[in-house]
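> dropping the sequence and predicted coords here.
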Amino acid sequence: MSEYTLSNSAAVIDAAISSVAGADATPTAGSQNMVTSGGVKTYVDGTVGAVGDFLGKTVTTEATGIENTDNDTSIPTSAAVVDYVSSKVSLSAYGGSSVGVVSRTASTNQAPVPLTTTTLSGDITTNGTSFTLSKSGLYLVAYSVDLSTNSGSTSYAALFKFANIESVVSGTIQVTNRQVNTIKYLSAGTYSAALYTRTTFGGVTITCRNLYAHVSFLA
């Protein structure tokens, strides 16, 4: 028979054996004792099992869909959560590239600015001069534009409007890379970029160039 040299004292060994021989029937806070397998099972069953907090609960998978289980008895998987969030926070976007140079005689007429456009997905469509929202909601609108005029007068304002968001530029300012970022409620419908003034002045020309725009559906 092999012999072993025990490094612990008799008291320590006795305490360790006692914690096993006198195992607790249920998990007890602060206890140094082991817990019997029956005690563990009873505890788990009572806490997360058939008679506990998850009694009657079902698992909602990605295929089932969170929207189809709007209740307090279903627990979604991570895939179901990702799918639901992705459907609500759409990555749909409208992008307008450079328009070159578009000049307008100062007028109250909101003349559209032609755009070279791209569509990243189907919720927002474009036709080259405007974009159409398939549903109403909150949208993130971000754009950058250069504006200028041929006048030194400050008695009027050059206006640039994109997605019903208006930027005002006084007649004496030559603006480079004017940036606008805002969250706005937009109704379903068609929108475009426009260049105009509040009043008409003969001989005043306003110019728009280098427009980049991005519209994303939020909720």
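Structure received.

> and Gly38, that one's in a strand?
No - counting by DSSP: H, G, I helix; E, B strand; the rest coil, Gly38 is located in no strand; its state is helix.

> not counting sequence-adjacent ones, nearest residue to it?
Among residues not flanking Gly38 along the chain, Ala25 sits closest, at 7.4 Å (Cβ to Cβ, 6 or more residues apart in numbering). For the C-beta atoms, the positions are set from N, CA and C on the backbone; glycine is no exception.

> I figured that neighbour was touching Lys41, is that so?
No - Ala25 is beyond contact range of Lys41, at 11.1 Å (criterion: Cβ atoms under 8 Å).

> tell me where this protein has strands.
Taking DSSP state E as the criterion, the chain contains strands spanning 58-60, 74-76, 93-96, 101-105, 111-112, 117-119, 124-126, 130-133, 137-149, 157-162, 165-170, 175-186, 189-197, 205-217.

> just so I know, which of those lies nearest Ser18?
strand 74-76 (40.7 Å; Cβ to Cβ).

> may I see the buried residues of the closest one?
Using 16 or more other Cβ atoms under 10 Å as the test for burial, strand 74-76 gives Ser74, Pro76.

> so what secondary structure elements neighbour it?
strand 58-60 (3 or more Cβ pairs under 8 Å, 6 or more residues apart in numbering; DSSP states H and E).

> so how far is the strand it packs on off the chain centroid?
Distance of strand 58-60 from the chain centroid (Cα atoms, centre = their mean, to the nearest Å) equals 25 Å.

> so what strands line up beside it?
With DSSP bridges as the test, strand 58-60 is paired with strand 74-76 (parallel).

> what average pLDDT does the partner strand get?
Averaged over strand 74-76, pLDDT sits at 81.

> same deal with stretch 163-175?
76.

> same thing with stretch 12-27?
So the average pLDDT for stretch 12-27 ends up being 78.

> for it, C-alpha coordinates in CSV please.
Provided in CSV are the C-alpha atoms of stretch 12-27 (Å, rounded to 0.1, in the frame of the first residue of the first chain):
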residue,chain,number,x,y,z
VAL,A,12,-8.1,21.1,8.6
ILE,A,13,-8.6,17.6,7.3
ASP,A,14,-11.4,17.0,9.8
ALA,A,15,-13.2,20.2,8.8
ALA,A,16,-12.9,19.3,5.1
ILE,A,17,-14.4,15.8,5.7
SER,A,18,-17.1,17.3,7.8
SER,A,19,-18.2,19.7,5.1
VAL,A,20,-18.7,16.7,2.8
ALA,A,21,-20.2,14.3,5.3
GLY,A,22,-22.5,16.9,6.6
ALA,A,23,-23.5,18.3,3.2
ASP,A,24,-26.3,20.8,3.2
ALA,A,25,-29.6,19.8,1.7
THR,A,26,-30.0,23.2,0.0
PRO,A,27,-27.6,25.9,-1.0
